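Engineer: what would the 3D arrangement of this be:
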Amino acid sequence: MINSDNNANELPDEVVTEEDPEETIDPVITTRSGRASKPFDYESNYPGIYMINYADNYISVNGGKTNVTETNAQFQLYCEALDWMEFAQDEVSNMVYKAKQMSVQEGIRMYGKESKNSAMKEILNLTVKNDCFGEIAYESIPSHMKDKALPVLMFMIMKRNGSIKTRGCANGSSQKLYTKKNKVSSPTPDFYAFKYLCAVIAKEKRDVATVDLPGFFLQTHQDQELLLKLTGAFALLTVDSNPKKWKKHLRLEKGKLVLYVICKKAIYGIMNAALLAYKKLAKLFKVWGFVMNPYDPCVWNKKIRKFQLSILFHIDDLLISHRYADVVSCLENKVFAFNYWNEGRWCFHNLHRWSTCCP
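Structural biologist: Here you go, the predicted model:
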């Protein structure tokens, strides 16, 4: 017979204990559709940021190894630099938040009059300074043109210096449905052309200047009939900028204020804007006596004082190089003096500076 008392006193080889439910249950979130998803574990993926104390200096993160000690040391140097510049972590976080892009309504609601003045400045830049919008009677617009009208978007951003910047652009994504890309694509400088030009600049010890043409798109005329659609706060601010001109065209469509205008300039966002800007600059360089490189349409050259003057450009950004610095400066001044194409003639200012030092 088996002694039951002895068996009762003997412990089994494996003791089965009830596990803590908090340790075994994974944090799972169930969505409305019934799909189960786990929250992203930031601490495990970014140990250096969250300053987790691990026994081993090296831990595996996403298939690789991260040196926690080294990352913590870099973070400490970063904190010391902030302290030296008298910055706090909260201020840095606020700067990151301020860099967030906002709509006009959100910006006005958050920053009030300052953001409204910024938006009004951009609208005046579009409507008055560069004359980008043209009038059109609402009753004369056919339904198919209304369907193809491109919405104009306006965004605000709080810059690091505390000022508010507003920029408007057209949403030309709908043009992809009826526009062939090869007919509206602008040439871009080849990467090897840029490398070879840099090598020539270093070899010949050229003087170099980089030039950005401000508002070049808005100074380029549109070559096709396009209709733009302003809605909401953008439409109201446009009417406020000139009520006598725009108020009579303001309408209510499906509960939203709408203002249709004719696009007169190559506004950023339209598919052919970059191509129009390229054609304008290429025509300008041809008038000035430059010759296009047969291997790259974005590189133009001209002989001045027995040395080659080279221009490599992408839309409104130029790289100018020549052996003599005064030649580069003169061309830079002439590019900035170039204003617009008006009635078949190029309009310049201070052309005598170019003619005296850049024959």
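
Engineer: contacts only, for the nearest residue to residue 104 once chain neighbours are set aside.
Structural biologist: Spatially, and ignoring its direct neighbours in sequence, residue 104 is nearest to residue 233 (4.4 Å; C-beta to C-beta, 6 or more residues apart in numbering). C-beta here means a position set from N, CA and C on the backbone, and glycine is covered the same way. Shown in contact with residue 233 (C-beta atoms under 8 Å, 6 or more residues apart in numbering): 103-105, 108, 119, 154.

Engineer: after whichever strand or helix holds residue 285, next one along is what?
Structural biologist: Applying DSSP states H and E as the criterion places residue 285 in helix 273-287. Using DSSP H and E, the helix or strand that follows helix 273-287 towards the C-terminus is strand 291-293.

Engineer: describe which strands whichever helix or strand comes after that next one pairs with in its sheet and in which direction.
Structural biologist: Helices and strands here follow DSSP H and E; after strand 291-293, the next one along the chain is strand 296-304. Strand 296-304 sits in its sheet next to strand 291-293 (antiparallel), strand 307-314 (antiparallel), going by DSSP bridges.

Engineer: list the buried residues in the shortest one.
Structural biologist: Within strand 291-293, the residues that count as buried by 16 or more other C-beta atoms under 10 Å are residue 293.

Engineer: got the angle for the helix holding residue 285 vs strand 307-314?
Structural biologist: Relative orientation of helix 273-287 and strand 307-314, computed by axes from the mean of the first three to the mean of the last three C-alpha atoms, to 10 degrees: 170 degrees.

Engineer: in helix 273-287, what's buried?
Structural biologist: Quick answer for helix 273-287 (16+ other C-beta under 10 Å): 273-282, 284-285.

Engineer: for it, name the packing helices and strands.
Structural biologist: Applying 3 or more C-beta pairs under 8 Å, 6 or more residues apart in numbering; DSSP states H and E, we find helix 273-287 packed against strand 291-293, strand 296-304.

Engineer: just the ones you listed: most buried one?
Structural biologist: Counting by mean count of other C-beta atoms under 10 Å, strand 296-304 has the highest mean neighbour count of these, with a mean of 18.

Engineer: pLDDT averaged over that one - what is it?
Structural biologist: Averaged over strand 296-304, pLDDT sits at 94.

Engineer: quick one: the residue lying closest to residue 280 once chain neighbours are set aside from residue 315, how far?
Structural biologist: Counting by C-beta to C-beta, 6+ apart, the nearest residue to residue 280 once its immediate chain neighbours are dropped is residue 220, at 5.2 Å. Per C-beta to C-beta, to the nearest Å, residue 220 is found 10 Å from residue 315.

Engineer: spit out the residues that contact those two alike.
Structural biologist: residue 277.

Engineer: so for those two, which residue has more residues nearby?
Structural biologist: It is residue 220, of residue 220 and residue 315, that has more neighbours when counted by other C-beta atoms under 10 Å, with 24 against 20.

Engineer: my guess is that one contacts residue 277. True?
Structural biologist: Yes. Judged on C-beta atoms under 8 Å, residue 220 makes contact with residue 277 at a distance of 5.2 Å.

Engineer: hey, what's in contact with both of those two?
Structural biologist: When contacts are counted by C-beta under 8 Å, 6+ apart, residue 220 and residue 277 are jointly contacted by residue 266.

Engineer: now do the helix or strand harbouring residue 108: everything it contacts.
Structural biologist: Using DSSP H and E, residue 108 maps to helix 104-111. The contact list for helix 104-111, computed with C-beta under 8 Å, 6+ apart, reads 102, 115-116, 118-119, 154-156, 158, 164, 166, 232-234, 237.

Engineer: I'm done for today, thanks for sticking with me.
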